[in-house]
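Chemist: coords below, sequence missing:
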């Protein structure tokens, strides 16, 4: 029984080392990506949260997030706040996230449909 355990560990250890090597290597060579977020709204929150939580980095991406120049101008006109230049992109990032409607992922239980009686 002990011999089988030693053989199992001696085979399993190198296999696990090889399996974990790409994950460690992916963080060594991060792919730089520029993400520009359009209009400032709650639909952009998941992208900010992903960056803050390190999700991009864990998946091999070095993400630099900015808001677009148009979004910065809209903020200035609507609120009078001037967005610092280090937070404003060029408008030509590798990935541009525009506006959009929130997506309903699942139907809430409190909604009831009624047939029209007309």
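Modeler: Done, it's in. Here the structure is a predicted model, which is why all the values come from computation and not from measurement. Numbering: from 1, shown residues only.
Chemist: buried stuff in stretch 33-52?
Modeler: 34, 35, 36, 37, 38, 39, 40, 43, 44, 47, 50, 51 (16 or more other Cβ atoms under 10 Å). Every C-beta, even on glycine, is put in place using the N, C-alpha and C of the backbone.
Chemist: quick check, the second one in contact with residue 98.
Modeler: Just to be clear, that refers to residue 35. No. Look at residue 35 against residue 98 with Cβ atoms under 8 Å: they stay out of range, at 11.8 Å.
Chemist: okay, and which of the buried residues of stretch 33-52 map to helices?
Modeler: 47, 50, 51 (DSSP state H).
Chemist: mind putting the buried residues of stretch 33-52 into JSON lines with distance to residue 65 and pLDDT?
Modeler: Below are these laid out as JSON lines (distance: Cβ to Cβ, whole Å; pLDDT from 0 to 100):
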{"residue": "34", "distance to residue 65": "8", "pLDDT": "92"}
{"residue": "35", "distance to residue 65": "5", "pLDDT": "90"}
{"residue": "36", "distance to residue 65": "8", "pLDDT": "90"}
{"residue": "37", "distance to residue 65": "6", "pLDDT": "88"}
{"residue": "38", "distance to residue 65": "12", "pLDDT": "84"}
{"residue": "39", "distance to residue 65": "14", "pLDDT": "76"}
{"residue": "40", "distance to residue 65": "12", "pLDDT": "74"}
{"residue": "43", "distance to residue 65": "14", "pLDDT": "79"}
{"residue": "44", "distance to residue 65": "9", "pLDDT": "84"}
{"residue": "47", "distance to residue 65": "7", "pLDDT": "89"}
{"residue": "50", "distance to residue 65": "9", "pLDDT": "92"}
{"residue": "51", "distance to residue 65": "6", "pLDDT": "92"}
